[in-house]
Structures are given as C-alpha cells and as structure tokens.
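[1] Need coordinates for the following:
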Amino acid sequence: MENPSEHALLALLQCSTDCIYLKDTNSCFLIVSDELARRVGKTPSELMGKTDKDIFPSEHAEQALRDEQEIMNTGIPKKNIVEQERPGVWVSSSKWPWYDTQGNLLGLCGISRDITQEVLKEKENEELRASLAEAEKLKSMGQLCAKVAHDFRNDLTPIIGNLEWVLEDLNNHNYDASVIEGLKAAESSAFRAFELTKLLTNFAKTAQYKLKSANIDDIVCTMGSALTSQLKDGHYRLEYTLNAKRTVLLDENQFASAITNLVINARDAMATGGTIRIATNEIMLEETVNGTPDRIPAGQYVVFSVEDTGTGIKPEVMKNLFVPMVCSTKGEKGCGWGISSIRGIVKGHNGYLDISTEVGKGTTFSIYLPANPLNSETAPKVL
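    Numbers count the residues shown, from 1 in each chain. Here you go, the predicted structure:
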C-alpha cells in the first residue's frame, strides 16, 4: 500500500502554485514541484541532479549556492528573502536545513513564491509618492513665483514708463551723451527684469494661453533665423528633421519661447561648440510611458525634441532641474529660470516633458503634445 505521507507530498508538489524543492548537500535537486519545473520550462525529471546554475542566470545561481551552503553549515534557515530570480521576475524564498530522524544532514528544503506584481506595484507607489511630493513642492513655489511676478511687474511698470518719458524729453535737448546712455542702460535692465516676470509667470503656470490649432513644423520654420542668431558663432550647427503632419493646440508665442530656451540651453551645454538637432515626429503610445520627469499616458502625440552633443546633466543636478535658480549648464550662464519656465509652458499646453541625458555625451529634451486628428497630408518639411 502506498505510504499516505508520500501520497500527500506528491499531491502538494503537483498542486502547489509555489515552487517547492528538496536538494542534497551539493545543492542538486532531488524533488521539485510541478510549478518550479513549469517556470523554468522543464519537466520535474529533467531537473533531477541539476543545480541552480543549470537553469538560472549566474548571478542569482551563485548567490543561491552561497546562501544554501551557509544554511547547511550553520543550521540556521533563511526566510522571506526577496531576490530577482531572472530579469523582470522577483521571488520571495525561504530555505531550511533538512535532517533525517537521527539528525544527520541530508540537504535542504525550500519554497519560493513569485512576487513580481507586488514588487512592481510597490515601485509604482514609490514613484507616485515621489511625484506627488515633487508636485506639491512645485505648487508651493509656483504660488510664490506668481505673487513675486505680480508685485515685481507692478513696480517695474512705472519705472519703465518714467524712463521712456525722461529719455524722450532728453533727446529733445542737448544733454551729455553719457547721461542718456546711462538712462538707456537702466531702461534695458528694467526691460530684462520685466522679461524675468514672464518666466516667473510661466513657471507658476498662471500665464494666459491662447491655444489654437497649429503645426509645429511651421512654427520652427518661421523661427529658423532667430534660432541661428542665438548660436553666436560658427562653432555651433543647427540640424532640422521635421516630420509632423498632425496639428496640435498651441499658443505660438509661448511655445516659441520654450523652443528658444531649449536651443539656448543646448548651446550653453556645449562650451566648445557642437550640433543641435531639432526634430518633430508623430508617435502613438499604446500604454503609459514613465518619462523623466513626466509619466506620459497612452495616446497620439506630436513630439518636438531638441538634442545637443554637450556635457549631459549629472544625476545630482537632474534631481533639482526644475527648481528655479538651478542651472543645468556649467559656469554662470543663464539664471536658472529657463528650464523651469519650459515645464510650465509644456503643462500649459496639456503636454508632457521627457529628458534623456548621458554625462559626457549630451541631452535630449522631448515635448509630447496631444495630436489633433490628421486633417491633411502635408509633406514633411526639412530646413
């Protein structure tokens, strides 16, 4: 008659959704559950006498062997060890030494459970918590920026108006040229400060956007000479590949400001010159993509990107890239508002930003804007 305990063990090995196994003192499989054999694409008999090195990646297998030898040498079990069994698969494992009735070591027994979904969910929750914390921080800073911009603009308006009035009056009289030049310099500084209030407003996302259907390629084409003028000398080269047929909802002035800021940032990242590539294309995302810094939902998009061959962005800078006054480029170039305002503009267009960078090789800023339905077969434009 069949031993009832053996029958129960066999039933357990056949029915369990966990991976159960017994190994000898050399960590070779003696008994395995059907689930373990299924997960590695073998039959239970094919696994007899094999070790983890025969079925798993070497890094996991070598660590498992070290753990098992430690368990058998010390007699101390290891429980609920979370480990990556193979790329994309996480398991929780527990292992115990296995003795006969006289206390002689026979090997070890173990059980592992696939917890991949739980691990991925926890990672997603961690990312969500970090995203919410960042959003709350930026919201508070945005409220402060909006208040500062409002008060600053109110103070600047009479300053600029009075300077214009004084200059107009002085030009009608024979005053010393140095006095007029000094006043012009003051007026220029006031105008620059006024432009800063626009960047503050963009960061705070309180700017008034006048969205209308437009083709990004057309906007880039009209900006060609203006963008070239930002490059200063012949050490920089602009390359265009424009392939966006679909239109998007745009505030052309605001988006042009974002394009200019991205080109200036790319230029400043290449101290000795280099190539700036401006590209547009269309993409259909079948599922949500975890970009940096934004999660991009599934949908049809027109993507505008600016790529440089510069220094790249270091991880410690990347963490605070959208905090005002943090510069992504070396030295004293820029005030640190450009990239912050870019994100505000992107959000104002219901878009998403993704940044890919490699230190020493360069950075690509990609703006994803929801695409309007295709309404024409306009040929791609190349500048």
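[2] So which residue is smack in the middle of this structure?
    The centroid of the chain falls nearest to residue 292 when counting by Cα atoms, centre = their mean (1.4 Å).
[3] what number of residues lie near the residue nearest to it when sequence neighbours are not counted?
    Leaving aside its sequence neighbours, residue 292 sits nearest to residue 355 (Cβ to Cβ, 6 or more residues apart in numbering; 5.1 Å). In this view, the C-beta of every residue, glycine as well, is placed from N, C-alpha and C. Residues near residue 355, counting by other Cβ atoms under 10 Å, number 18.
[4] Check residue 107 too.
    By other Cβ under 10 Å, 21 other residues sit near residue 107.
[5] need the contact list for the closest residue to it other than its chain neighbours.
    What sits nearest to residue 107 in space, not counting adjacent residues and going by Cβ to Cβ, 6+ apart, is residue 24, at 4.3 Å. Each residue near residue 24 by Cβ atoms under 8 Å, 6 or more residues apart in numbering is listed here: 30, 106, 107.
[6] mind listing which of those residues are in strands?
    By the criterion of DSSP state E, membership of the contacts of residue 24 in strands covers 30, 106, 107.
[7] quick one: the second one and residue 72 touch, right?
    No - using Cβ atoms under 8 Å, residue 106 and residue 72 do not qualify as a contacting pair, with a distance of 9.5 Å.
[8] overlap in contacts of these two?
    Common contacts of residue 106 and residue 72 (Cβ under 8 Å, 6+ apart): residue 25.
[9] Between those two, which has more neighbouring residues?
    residue 72 (22 against 15).
[10] Need the mean per-residue confidence for whatever helix or strand that one lives in.
    Using DSSP states H and E, residue 72 falls within helix 58-74. The average pLDDT for helix 58-74 rounds to 90.
[11] now for that helix, which elements pack on it?
    strand 78-86, strand 89-99, strand 105-114 (3 or more Cβ pairs under 8 Å, 6 or more residues apart in numbering; DSSP states H and E).
[12] I'd say residue 62 and residue 56 touch.
    No - the criterion here is Cβ under 8 Å, and residue 62 misses it with residue 56 at 9.5 Å.
[13] the more surrounded of these two?
    Applying other Cβ under 10 Å to residue 62 and residue 56 shows that residue 56 carries more neighbours, namely 17 against 13.
[14] that's a strand at residue 238, yeah?
    Yes - Residue 238 forms part of a strand when assessed by DSSP: H, G, I helix; E, B strand; the rest coil.
[15] So that it lines up with my notes, have the first residue be 626 from now on.
    Got it, the first residue is 626 from now on, which makes the last one we talked about residue 863.
[16] so who does it touch?
    Counting by Cβ under 8 Å, 6+ apart, residue 863 touches 849, 852, 853, 856, 888, 900, 901, 902, 903, 1008.
[17] same thing but 6 Å
    Each residue near residue 863 by Cβ atoms under 6 Å, 6 or more residues apart in numbering is listed here: residue 901.
[18] Residue 913: how many residues sit nearby?
    Neighbours of residue 913 under the rule other Cβ under 10 Å: 11.
[19] do the same with the one 10 residues further on
    Neighbours of residue 923 under the rule other Cβ under 10 Å: 11.
[20] what about it, distance to residue 990?
    Using Cβ to Cβ, to the nearest Å, residue 923 is found at 22 Å from residue 990.
[21] now do residue 695
    Separation of residue 695 from residue 990 (Cβ to Cβ) stands at 49 Å.
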